[in-house]
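1. Need a 3D model of the sequence below.
(4 chains, ligands or ions: 4)
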There are 2 protein chains.
Amino acid sequence: MPIATSSVRRAVSRPKPSSAAPVKPGVFPDAKHDHGACVKSALQRAEDICTAKDVRLTQIRRQVFELVWQSHNPVGAYDVLEGLRDGQRKAQPPTVYRALDFLMEHGLIHRIESLNAYIGCAVPGDEHAGQFLICRDCGVAAELLDKRIDDAIGKGAKAAGFSIERPTVELEGTCAHCRRIKRGHKHRD
Amino acid sequence: MPIATSSVRRAVSRPKPSSAAPVKPGVFPDAKHDHGACVKSALQRAEDICTAKDVRLTQIRRQVFELVWQSHNPVGAYDVLEGLRDGQRKAQPPTVYRALDFLMEHGLIHRIESLNAYIGCAVPGDEHAGQFLICRDCGVAAELLDKRIDDAIGKGAKAAGFSIERPTVELEGTCAHCRRIKRGHKHRD
DNA sequence: GGACAAATGTTATATTGTAACGTCACCTGA
DNA sequence: TCAGGTGACGTTACAATATAACATTTGTCC
Ligand SMILES: [Zn+2]
Ligand SMILES: [Zn+2]
Ligand SMILES: [Zn+2]
Ligand SMILES: [Zn+2]
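-> Ligands and ions are numbered 1, 2, ... in the order given. Got it, this is the predicted structure:
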């Protein structure tokens, strides 16, 4: 069999060196974006960050990281556990929770409190607590870094004499894509 | 035998202003405020609202409501369950969760996602999702209704084409009172 | 290699939340 | 008056999420 895959142009070659930023904050990922590129880029950044901080992205931690990044939907700890078990290991809950704790501690993933679930950080390496837009139809979550929101929250807290240390902003609703679909069903496009 | 035992239903009257408002949104309750007044006023408003909406604030629901209002700290469902059991009953989890669901559905309490806990609403009777300031030292939570925050969040979501249906804003940190105490310990007042 | 700490394994259990079905009281309409 | 429906609650069992405690392995430094 010829190696040539006829109509595929350059598709077999590497999808551009990691510099491409496939996931941007504040943007809902397109339904058919190159998610492999998301994962690859996220992994590269995670490795860089761990190297810079001189902490170890071990095999398990990397696997958990990849499982969290398996989609743009927040994923539960026990789903991650399932994923780990699909491999050779027979992991237990503490294994997963320890890896998740490590990844959160170093800003590589976030926890979505309203879902008891975890999602890859779109902007790792910088101390922040994003705001999350979570679509109740497709389940996708997009991370915002909106200065206006941070400012407004900061002012509100200050007025009450309150000092914020860990903000949680999770906005459940519907993304533009899912609303288009629903409208389509109602009046035929 | 009387057929109608003074039905609670069908009593459509307007929610009375019920005056005294011991808990205000945006304010951390003082350490030694008259909390009995908080509870009394909250209960009165709850009753007015249920009457106006023609739904029943049954014995159990009222008890759960009072247990949630036992302090200004969010309280877990199983703590409420304990409280119910201290009485005569031997309640089970579904009893508590049903009551909590009812109270949330009618805007009388809120759920704090980041704590898996529940707290009385400071401004019931009007559709809203407050913002919560939660002190990690004393555990007290204060509800804000900050229009600037709502606006900023609305704009951020709109820019992403996202339609918010259920916002969650929970700000963990330290209240002014607890910070004063801590400063006092450091440099002797 | 020996000492030490970090990472992981392992077992058991805690905490939070639901499904499913039964009972009972009350209302409604024939 | 009573059949049938509905809403609230009781009861049992279980699902889903998370952690405590201790044993063992792995990596690192000297
Ligand atoms: Zn992607
Ligand atoms: Zn982030
Ligand atoms: Zn009070
Ligand atoms: Zn409220």
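2. In this structure A:Ala46 contacts A:Pro124, no?
-> Yes - the pair A:Ala46 / A:Pro124 is scored as a contact, 6.7 Å apart, by CB atoms under 8 Å. Just so you know, the C-beta spots here come from the backbone N, C-alpha and C atoms, and that holds for glycine as well.
3. pretty sure A:Pro25 is in a helix, no?
-> No - under DSSP: H, G, I helix; E, B strand; the rest coil, A:Pro25 falls outside any helix and is assigned coil.
4. rewinding a little: list the residues that contact both of A:Ala46 and A:Pro124?
-> A:Leu108 (CB atoms under 8 Å, 6 or more residues apart in numbering or on different chains).
5. who has more neighbours, these two?
-> Set A:Ala46 next to A:Pro124 and count neighbours by other CB atoms under 10 Å in any protein chain shown: A:Ala46 wins out with 25 against 18.
6. Please identify the helix or strand for that one.
-> For A:Ala46, the host element (DSSP states H and E) is helix A:35-53.
7. For the residue nearest to A:Gly156 when sequence neighbours are not counted, give me phi and psi.
-> Leaving aside its sequence neighbours, A:Gly156 sits nearest to B:Asp146 (CB to CB, 6 or more residues apart in numbering or on different chains; 4.0 Å). Taking degrees, to the nearest 10, you get phi -100, psi 110 for the backbone angles of B:Asp146.
8. Show the backbone phi and psi for the residue in chain A that ligand 3 sits nearest to.
-> Residue nearest to ligand 3 within chain A (CB to the ion): A:Ala160, separated by 15.8 Å. Dihedral pair for A:Ala160: phi -100, psi 10, per degrees, to the nearest 10.
9. Isn't A:Arg148 up against B:Gly156?
-> Yes - assessed by CB under 8 Å, A:Arg148 is found in contact with B:Gly156 at 6.5 Å.
10. neighbour-wise, which of these two wins?
-> Neighbours per residue (other CB under 10 Å) separate A:Arg148 from B:Gly156, with B:Gly156 holding more: 24 against 15.
11. Against which helices or strands is the helix or strand where the more buried one lies packed?
-> Counting by DSSP H and E, the element that carries B:Gly156 is helix B:147-159. The contact analysis (3 or more CB pairs under 8 Å, 6 or more residues apart in numbering or on different chains; DSSP states H and E) places helix B:147-159 against strand A:131-135, helix A:147-159, strand A:163-174, strand B:163-174.
12. how big is the angle separating that helix from strand B:131-135?
-> Interaxial angle of helix B:147-159 relative to strand B:131-135 (axes from the mean of the first three to the mean of the last three CA atoms, to 10 degrees): 120 degrees.
13. Could you figure out how far helix B:147-159 is turned away from strand B:163-174?
-> Counting by the same axes, to 10 degrees, helix B:147-159 lies at 130 degrees to strand B:163-174.
14. In chain A, which residue sits nearest ligand 4?
-> Counting by CB to the ion, chain A gets nearest ligand 4 through A:Gly156, at 14.6 Å.
15. so where's chain A uncertain?
-> Low-confidence segments of chain A, defined by pLDDT under 70, are located at A:1-22, A:87-88, A:185-189.
16. separation between the closest residue to ligand 1 within chain A and DNA strand D?
-> Closest residue of chain A to ligand 1, CB to the ion: A:Cys38 (3.1 Å). Per CB to the nearest atom of the strand, to the nearest Å, A:Cys38 is found 23 Å from DNA strand D.
17. Surely that residue touches A:Trp69?
-> Yes - applying CB under 8 Å, one finds A:Cys38 in contact with A:Trp69, separated by 6.9 Å.
18. Between these two, which is the more surrounded one?
-> The neighbour count for A:Cys38 versus A:Trp69, taken as other CB under 10 Å, is higher for A:Trp69 (24 against 20).
19. partners of the residue nearest to the more buried one when sequence neighbours are not counted in the sheet?
-> Nearest non-adjacent residue to A:Trp69, counting by CB to CB, 6+ apart: A:Gly120, 4.4 Å away. Beta bridges link A:Gly120 to A:Ile109, judged by DSSP bridges.
20. Do I have it right that A:Gly120 meets A:Ser41?
-> No - counting by CB under 8 Å, A:Gly120 does not reach A:Ser41; the two are 10.4 Å apart.
21. quick one: which of those two has more around it?
-> A:Gly120 (27 against 20).
22. ok now do the more buried one, which residues does it touch?
-> Applying CB under 8 Å, 6+ apart, we find A:Gly120 in contact with A:Val23, A:Ala42, A:Phe65, A:Val68, A:Trp69, A:Leu108, A:Ile109, A:His110.
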